[in-house]
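Participant: Here is my input, please return the structure:
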Amino acid sequence: MYYYHTDHLGTPQALTDEQGQLALEMDYQAWGQAREVIADAASKAGIRNPFRFQGQYHDDESGLHYNRYRYYDPDIGRFISRDPIGLMVDSIFTATPLIRQNGLTL
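Facilitator: Below you'll find the predicted structure:
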């Protein structure tokens with residue numbers, strides 16, 4: 001069994017085993033590029049960490065970070081997929097925002 005140690009954003013910083021021995025340590029650059037330092041025992045056991053910057057999931061095939069419905073490229077610091085929700089500009093920035101009030105637009 002292994003335990004994740006995260007920062008205040010939920011980004012994994014380390015992975016330890018039941019004895020508290022460091023199995024994996026993560027270091028991130030500004031836009032989410034990760035550098036893993038894997039202990040010998042964890043490497044032999046095939047331990048890997050698919051979680052990345054702010055809970056994103058690392059896709060081995062593309063090298064991108066999957067973030068629920070869209071992909072993020074840490075090399076350029078941008079999402080490369082469209083946001084499925086869109087901008088919702090017409091509902092947020094109307095002339096009378098309180099007339100059609102709901103919890104999402106305030």
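Participant: Find the residue at the geometric middle of this protein.
Facilitator: When the chain is reduced to its mean C-alpha position, the closest residue under Cα atoms, centre = their mean turns out to be Q56, at 2.4 Å.
Participant: ok, residues contacting the lengthiest helix in the chain?
Facilitator: Ordering each helix of the chain by length in residues (DSSP state H) puts helix 40-45 first. Contact with helix 40-45 is made by 15, 17, 21, 23-24, as judged by Cβ atoms under 8 Å, 6 or more residues apart in numbering. For the C-beta atoms, the positions are set from N, CA and C on the backbone; glycine is no exception.
Participant: Counting neighbours, what do you get for E18?
Facilitator: Residues lying near E18 (other Cβ atoms under 10 Å) number 8.
Participant: One more: the one 5 residues further on?
Facilitator: Counted by other Cβ under 10 Å, the residues lying close to A23 total 19.
Participant: Can you report phi and psi for it?
Facilitator: phi -100, psi -30 (degrees, to the nearest 10).
Participant: So which residues of the protein form helices?
Facilitator: Using DSSP H, the helices assigned to the chain run over residues 40-45, 89-92.
Participant: Select from those helices the stretch with the lowest mean pLDDT.
Facilitator: Between the helices of the chain, the lowest average pLDDT goes to helix 89-92, which shows a mean of 58.
Participant: got the contact list for N67?
Facilitator: With contacts defined as Cβ under 8 Å, 6+ apart, the neighbours of N67 are 54-57, 79.
Participant: For PyMOL, write a command that selects the buried ones of these.
Facilitator: Typed into PyMOL, the line below selects the buried ones among the contacts of N67, using 16 or more other Cβ atoms under 10 Å:
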select buried, resi 56
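Participant: Redo the contacts of N67 as CSV? Include distance to R48 and pLDDT.
Facilitator: Below are the contacts of N67 laid out as CSV (distance: Cβ to Cβ, whole Å; pLDDT from 0 to 100):
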residue, distance to R48, pLDDT
Q54, 19, 75
G55, 16, 75
Q56, 15, 86
Y57, 12, 89
F79, 24, 91
